[in-house]
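S.K.: Turn this into a structure:
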Amino acid sequence: MPVEVRPSHVGLDIKSKRFVVYMAVIVSSIIALLVICVVAIMPLIWPEYKSPETLNNWGGLIIGFYFGSFISLLKDWSRESVEVIQSEDNRTP
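M.R.: Sure, this is the predicted structure:
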């Protein structure tokens, strides 16, 4: 007896997607704040402290990361909203 295989829509529901996005933003924000605080505050605490050049350059990388992540999220969300609207239009007689 052959087994019928039906495709399933594997994915996260809205609450899970929001949780993943919130956690990613929180973790990356903490890392970004730590890097920026080390560069900005350490010279105030220890005047003789010289931060490494690579650490100073990470500010641009952090801004690029946030901008790139935000654009990717917008692209994915806009694609999902278009698919939802199209599926609702197809159901309407």
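
S.K.: can you map out the helices along the protein?
M.R.: Assigned by DSSP state H, the helices in the chain fall at 14-45, 53-91.

S.K.: Make JSON lines from these and add mean neighbour count and mean pLDDT to it.
M.R.: Quick note: C-beta positions are derived from backbone N, CA and C, even for glycine. Below are the helices of the chain laid out as JSON lines (neighbours: other C-beta atoms under 10 Å; pLDDT from 0 to 100):
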{"stretch": "helix 14-45", "mean neighbour count": "12", "mean pLDDT": "82"}
{"stretch": "helix 53-91", "mean neighbour count": "11", "mean pLDDT": "70"}
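
S.K.: Quick check: the spatially most central residue of the chain vs residue 79, distance?
M.R.: Nearest to the geometric centre of the chain sits residue 69, at 4.8 Å (C-alpha atoms, centre = their mean). Noted for residue 69: a distance of 16 Å to residue 79, by C-beta to C-beta, to the nearest Å.

S.K.: same check, this time on residue 43
M.R.: Where residue 79 is concerned, residue 43 sits at a distance of 45 Å (C-beta to C-beta).

S.K.: same deal with residue 50?
M.R.: Applying C-beta to C-beta, the value for residue 50 to residue 79 is 47 Å.

S.K.: try residue 42
M.R.: On the measure of C-beta to C-beta, residue 42 and residue 79 end up 43 Å apart.

S.K.: same question, residue 57
M.R.: 34 Å.

S.K.: Equivalent analysis for residue 35, please.
M.R.: From residue 35 across to residue 79, the span is 32 Å (C-beta to C-beta).

S.K.: just checking, residue 58 touches residue 34?
M.R.: No. If you go by C-beta atoms under 8 Å, residue 58 and residue 34 don't touch, sitting 10.6 Å apart.
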